[in-house]
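S.K.: Here you go, sequence then predicted model.
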Amino acid sequence: MELEGNDANIKLNPDGSASFSTKSGGVYAIDKQGNVSINLQRIESVGIHNLADVAEHNIERVAGLISHFVRFVDGGEARFAYNTQGQLVDLSAANVGVSVSNQNEILFRRKKRAAA
């Protein structure tokens, strides 16, 4: 099933997976296990929503790359790296919340806990 709106196109698949594409060219996919992948045409910036949620932040400069490793207080992790020209060359995360703005700005945050 496909649904179209002003800003997005949503496709629901029989196997339980789904995808969501935006006018800006971004594609968000959810597999049948609930894993999410995001493909953006460009990323403008990467940041942390609330620094109080950061347990550890390491910065390493090697071979023309500036790499960041962030561990959140709940154990989630984010990794991203820029080259010396300021271009994002690597980005990954596990067990974190992620917000992506309409301007392709990514904010990582501590994973929200499910209501008890």
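M.R.: Okay, I see it.

S.K.: Please settle this for me: is residue 20 part of a strand?
M.R.: Yes. Residue 20 sits within a strand when classified using DSSP: H, G, I helix; E, B strand; the rest coil.

S.K.: could you measure residue 84 against residue 56, distance?
M.R.: 24 Å (C-beta to C-beta, to the nearest Å). Every residue, glycine included, has its C-beta placed from N, CA and C.

S.K.: And for residue 100?
M.R.: Taking C-beta to C-beta, one finds residue 100 at 24 Å from residue 56.

S.K.: which of those two has more neighbours?
M.R.: A count of neighbours by other C-beta atoms under 10 Å puts residue 100 above the other of residue 100 and residue 56, at 16 against 10.

S.K.: Contacts only, for the residue lying closest to that one once chain neighbours are set aside.
M.R.: Once flanking residues are discounted, residue 100 sits nearest to residue 106: 5.6 Å by C-beta to C-beta, 6 or more residues apart in numbering. Contacts for residue 106 (C-beta atoms under 8 Å, 6 or more residues apart in numbering) come out as 43, 45, 46, 47, 91, 98, 99, 100.

S.K.: and residue 106, bridged to which residues?
M.R.: With DSSP bridges applied, residue 106 shows beta-bridge pairing to residue 46, residue 100.

S.K.: Secondary structure element holding the residue nearest the centre of the chain?
M.R.: When C-alpha atoms, centre = their mean is applied to the chain, the residue found nearest the centroid is residue 98 (4.9 Å). Using DSSP states H and E, residue 98 maps to strand 96-100.

S.K.: Pull the residues that contact that strand.
M.R.: For strand 96-100, the external contacting residues (C-beta under 8 Å, 6+ apart) are 26, 38, 40, 49, 72, 76-78, 106-112.

S.K.: Show the buried residues in the residues you listed.
M.R.: By neighbour count, with 16 or more other C-beta atoms under 10 Å, these hold 26, 40, 49, 72, 76, 77, 78, 106, 108, 109, 110, 111 as buried.
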